[in-house]
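Enquirer: pasting a predicted model and its sequence here:
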Amino acid sequence: MPGYSSIESFVLSDSGTFLKFWLEDRCRDTFLSYLSEEDLSNLRLVGHDFSVRAAPALFSDLSITFKTGTFTRPARLAALDRLGFYVKTLRFNVPHTHETFLPPLVEPDTGEELSFTYTPQVTPSAGRPKYGDVGTTEILTRQYPALFHAATNVPAFVRAFSAFINLQHLQVCCLGYDESTRNRRSIVDFALISLRIAAERNCLNALDSLTLSPIHPGALQYLSPLMGYGATPRSTKTWSRIQHLAIHVQSQPNPAAINQPEYCKTLQTYLRTFQQNLTTLDFAWLGAAGPLPVQQLGPSAPTAQEHPANRIGVHVREQRSTPPHKPTQLLHFPRLRKVKVKNIATPAAAIQAFARTHRHTIQELDLEDTELTAGTWDEALSPLTTRTRRRRTTSHHACIPIMLSPSTLAAPLLVPMERVDPYIAPGGRPSTRLSKWFPGRAAGKPAGHRTVRQGLLGCEGQLKRVFGGVLAWK
């Protein structure tokens, strides 16, 4: 096999059988897939060739827990540049802790509470303050911890994600959510904004799977490329390629709060991003049962005013004063094949409408821990069961014989042919004129001026005189 001479400096082995096994990609990859991470790490210490061959199996799955120096330390960035090429699945952990919750901003001179509108700074600029103006930047730098400034360092996120050129599956995990802190600002939300922008600014052409498990209810607002901070018209290009989506969101203890039209609208706005190519959907409520995420929403009512600590800017108050919206259009995924929902409380009409819309493409519908608040299961699944019953009743099987024509058929009737009359051409050269061959064209002549003979009987002599000169040239 070619290339054996170059392997001597990497694998010091006299066994030709082992070299054939090790150089065969299929055999080697199958063997490495059964090794643990510890064994793969030890195998990479044997030699250079072992290190290179075992790297794709060892670094295909990478887990990162966000901290202050995760994307800013030069040693970690250098490691990502070397190994990011092998990463196929990235698990990004941003846990909720006491350090991630931010206190309210306070004016140093007057002691009044301040509010600011966050605008992500994608490209670093020395002459422009990071948080809008100089005063706000100084207050945030003094009062907020270093983890907050690391979460808002969007260029560092973009730089780190540029190493994952072969990334196929992105997992986002936000553990430790507490319902009592839902009205407080969290560093986790700012980290999710930077994560989304980093994925949009890099060419992650292989990315086709996204898993958000578990996440808090407000995370979808910051991960949405349509309504999130720093979103651009090109933001949906990266997420529209997602084919497999899994969302496990923490539900609120109050059932009335989770069924609010505004919250369900935020969820459906996020799901609308993946309509084009989504084939697999896995959705689950963690905690109390929630509504079906793809059900049609009615007109939204004005929401109550929230606590001032949860306000982000003046535009939030303007949105609360808008009139109620019309019923939204039902979500439709033209390529959806498999759907799995868990811990759902919904009427049968919602499932029926979803099944009717996707009855031509859906192949698997898994309803786990689903409670019907109205209607029956026969009504909910009627579009799918009716389609199956209709296929059974309309299918017919029959044996149609093939009719072959008899081997001996009567000879076809020949077309009547007129007499061939010789005549003298204008140039003085004798010629032979073949009168009209078809009976339709000869029908206009009187019957007395023509003599028609059926078949070829009696025409042998005339045919010899007509074609005799032509056949003599052969």
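Expert: Sure, I can see it. Numbering: from 1, shown residues only.
Enquirer: for this structure, which helix extends over the most residues?
Expert: Longest helix of the chain, by residue count under DSSP state H: helix 187-201.
Enquirer: let me see the contact set for the closest residue to Lys340 other than its chain neighbours.
Expert: Using Cβ to Cβ, 6 or more residues apart in numbering and skipping residues adjacent in sequence, the residue nearest Lys340 is Asp366, 4.1 Å away. Glycine gets a C-beta too; all of them are placed from N, C-alpha and C. Applying Cβ atoms under 8 Å, 6 or more residues apart in numbering to Asp366 gives the contacts 338-341.
Enquirer: could you do Tyr144 as well?
Expert: Leu102.
Enquirer: among the contacts of Asp366, who's most crowded?
Expert: Val341 (23 neighbours; other Cβ atoms under 10 Å).
Enquirer: I'd guessed that one sits against Leu292; true?
Expert: Yes - shown here, Val341 and Leu292 form a contact pair, counting by Cβ atoms under 8 Å, at 6.7 Å.
Enquirer: which neighbours do these two share?
Expert: Counting by Cβ under 8 Å, 6+ apart, no residue touches both Val341 and Leu292.
Enquirer: show me where the chain has its strands.
Expert: 61-65, 89-93, 105-106, 113-114, 169-173, 209-215, 244-250, 280-286, 338-346, 364-372, 421-424, 430-433 (DSSP state E).
Enquirer: format those as TSV; extra columns: mean pLDDT and distance to Ala380.
Expert: Output for the strands of the chain, formatted as TSV (pLDDT from 0 to 100; distance: least, Cβ to Cβ, whole Å):
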stretch	mean pLDDT	distance to Ala380
strand 61-65	94	38
strand 89-93	96	35
strand 105-106	88	49
strand 113-114	86	49
strand 169-173	97	32
strand 209-215	95	26
strand 244-250	95	22
strand 280-286	95	17
strand 338-346	93	9
strand 364-372	92	7
strand 421-424	53	88
strand 430-433	49	85
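Enquirer: can you add distance to Thr136 and give these back as JSON lines?
Expert: Listed next are the strands of the chain as JSON lines, based on distance: least, Cβ to Cβ, whole Å:
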{"stretch": "strand 61-65", "distance to Thr136": "29"}
{"stretch": "strand 89-93", "distance to Thr136": "28"}
{"stretch": "strand 105-106", "distance to Thr136": "8"}
{"stretch": "strand 113-114", "distance to Thr136": "8"}
{"stretch": "strand 169-173", "distance to Thr136": "29"}
{"stretch": "strand 209-215", "distance to Thr136": "29"}
{"stretch": "strand 244-250", "distance to Thr136": "31"}
{"stretch": "strand 280-286", "distance to Thr136": "36"}
{"stretch": "strand 338-346", "distance to Thr136": "42"}
{"stretch": "strand 364-372", "distance to Thr136": "46"}
{"stretch": "strand 421-424", "distance to Thr136": "112"}
{"stretch": "strand 430-433", "distance to Thr136": "107"}
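Enquirer: show me which pair in the contacts of Asp366 is furthest apart.
Expert: The largest separation in the contacts of Asp366, counting by Cβ to Cβ, is between Lys338 and Val341 at 11.2 Å.
Enquirer: quick one: Thr373 from Pro291, how far?
Expert: Separation of Thr373 from Pro291 (Cβ to Cβ, to the nearest Å): 9 Å.
Enquirer: what about these two, which has more around it?
Expert: Counted by other Cβ under 10 Å, Thr373 and Pro291 do not tie: Pro291 has more neighbours, with 22 against 13.
Enquirer: in this structure that one contacts Cys264, no?
Expert: Yes - contact criterion Cβ under 8 Å: Pro291 and Cys264 qualify, at 6.2 Å.
Enquirer: output the lowest mean pLDDT helix or strand found in the chain.
Expert: Within the chain, confidence by mean pLDDT, DSSP states H and E is lowest for helix 314-320 among all helices and strands, at a mean of 46.
Enquirer: for Phe190, state which of the contacts of Asp366 is nearest.
Expert: Nearest to Phe190 among those: Val341, at 30.2 Å, using Cβ to Cβ.
Enquirer: if I pick His149, what's in contact with it?
Expert: Contact analysis of His149 by Cβ under 8 Å, 6+ apart lists 140-141.
Enquirer: so which residues of the stretch 51-200 of the chain form helices?
Expert: For the stretch 51-200 of the chain, the helices defined by DSSP state H, counting those that start in this stretch occupy 74-83, 134-143, 146-151, 154-161, 187-201.
Enquirer: most packed of those?
Expert: Greatest average neighbour count among those goes to helix 187-201 (a mean of 24), per mean count of other Cβ atoms under 10 Å.
Enquirer: mind giving me the packing neighbours of that helix?
Expert: Judged by 3 or more Cβ pairs under 8 Å, 6 or more residues apart in numbering; DSSP states H and E, helix 187-201 is in contact with helix 146-151, helix 154-161, strand 169-173, helix 219-223, helix 236-239.
Enquirer: could you give the angle of that helix to strand 209-215?
Expert: 170 degrees (axes from the mean of the first three to the mean of the last three Cα atoms, to 10 degrees).
Enquirer: output helix 187-201 as CSV, restricted to C-alpha atoms.
Expert: The C-alpha trace of helix 187-201 is given here as CSV (Å, rounded to 0.1, in the frame of the first residue of the first chain):
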residue,chain,number,x,y,z
ILE,A,187,-25.4,37.4,33.2
VAL,A,188,-26.7,34.3,31.6
ASP,A,189,-28.9,36.3,29.3
PHE,A,190,-26.0,38.5,28.1
ALA,A,191,-23.9,35.4,27.5
LEU,A,192,-26.7,33.9,25.3
ILE,A,193,-26.8,37.1,23.3
SER,A,194,-23.1,36.9,22.6
LEU,A,195,-23.4,33.2,21.8
ARG,A,196,-26.1,33.8,19.2
ILE,A,197,-24.2,36.6,17.5
ALA,A,198,-21.0,34.5,17.4
ALA,A,199,-22.9,31.7,15.7
GLU,A,200,-24.4,34.1,13.2
ARG,A,201,-21.1,35.9,12.3
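Enquirer: low-confidence stretches in this structure?
Expert: 1-15, 253-261, 297-328, 387-474 (pLDDT under 70).
Enquirer: domains of it?
Expert: 15-58, 61-297+330-391 (automatic domain parsing).
Enquirer: out of those domains, which is the most enclosed?
Expert: It is domain 61-297+330-391: most buried of the domains of the chain by mean count of other Cβ under 10 Å, with a mean of 17.
Enquirer: and the closest residue to Gln296 other than its chain neighbours, how far from Thr357?
Expert: Closest residue to Gln296 apart from its sequence neighbours, by Cβ to Cβ, 6+ apart: Leu330 at 4.6 Å. Distance, Leu330 to Thr357, using Cβ to Cβ: 6 Å.
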